[in-house]
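J.: need a structure here:
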Amino acid sequence: MPQGAVRLTEVAYTPSVLFRSMSPDTDGLPRLGRSRRNLGVVVPGDIEPDASGEVAGGRGGLSVSPCSMSKLPPHRQPRGMRPSSTGRRGDCVYSLDLEALTGSLLSVRPDPENPWIHALIEPSKTMTLHDYESALSGTRSEWKRAWP
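T.: As a prediction, this is how the structure comes out:
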């Protein structure tokens, strides 16, 4: 089984692309910020620093949908994407090639309850919240518009 794959029944889970609906900034790339509609996390909520202000993998992070943008929940799909989409009309769906995270301070963890639908981009080691948010921001240029 490839490194990083999670065995689900008899099928290996190895997404190569991650998807997230976000608001575009004036340059067309995802807007940065502590919002579920931006390239950022809500604190507390998506991730919670410990008493010393550090975050670590396995404790939350940036929500993404692995493998397919159709796996985004309807409230995150921009209106017009599908008949059932109820998200913000001005938002876009962005994709991130998993290889963009190779060698970074970030890792992807499938949601154990819904691994085909939801995953988290988390810290790959214990670090300060600032370092984690900087690592997320550092991926900004790697996100490509997938819809519209």
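
J.: taking the mean pLDDT, what do you get for stretch 94-108?
T.: Taken as a whole, stretch 94-108 has a mean pLDDT of 94.

J.: Actually, stretch 38-51.
T.: The pLDDT scores in stretch 38-51 average 97.

J.: residues of stretch 59-74 that come out buried?
T.: Of all the residues in stretch 59-74, those buried under the rule 16 or more other C-beta atoms under 10 Å are Arg59, Gly60, Gly61, Leu62, Ser63, Val64, Ser65, Pro66, Cys67, Met69, Lys71, Leu72. Where C-beta positions appear, they are placed from N, C-alpha and C, glycine not excepted.

J.: Likewise for stretch 131-146?
T.: Neighbour-count burial for stretch 131-146, counted by 16+ other C-beta under 10 Å, picks out Tyr132, Glu133, Ala135, Leu136, Thr139, Trp143.

J.: Equivalent analysis for stretch 85-96, please.
T.: Of the residues in stretch 85-96, Ser85, Gly87, Arg88, Asp91, Cys92, Val93, Tyr94, Ser95, Leu96 count as buried by neighbour count, 16+ other C-beta under 10 Å.

J.: Would you mind extracting the C-alpha trace of it into PDB?
T.: Output of stretch 85-96 as PDB, limited to C-alpha atoms (Å, rounded to 0.1, in the frame of the first residue of the first chain):
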ATOM      1  CA  SER A  85     -25.800  24.100  -4.500                       C
ATOM      2  CA  THR A  86     -26.600  26.600  -1.900                       C
ATOM      3  CA  GLY A  87     -23.200  28.300  -1.200                       C
ATOM      4  CA  ARG A  88     -22.200  31.900  -2.000                       C
ATOM      5  CA  ARG A  89     -22.500  32.800  -5.600                       C
ATOM      6  CA  GLY A  90     -19.200  34.700  -5.700                       C
ATOM      7  CA  ASP A  91     -17.100  31.900  -4.200                       C
ATOM      8  CA  CYS A  92     -15.000  29.500  -6.300                       C
ATOM      9  CA  VAL A  93     -13.900  26.000  -5.900                       C
ATOM     10  CA  TYR A  94     -10.100  25.600  -5.800                       C
ATOM     11  CA  SER A  95      -8.000  22.500  -6.100                       C
ATOM     12  CA  LEU A  96      -4.700  21.700  -4.500                       C
END
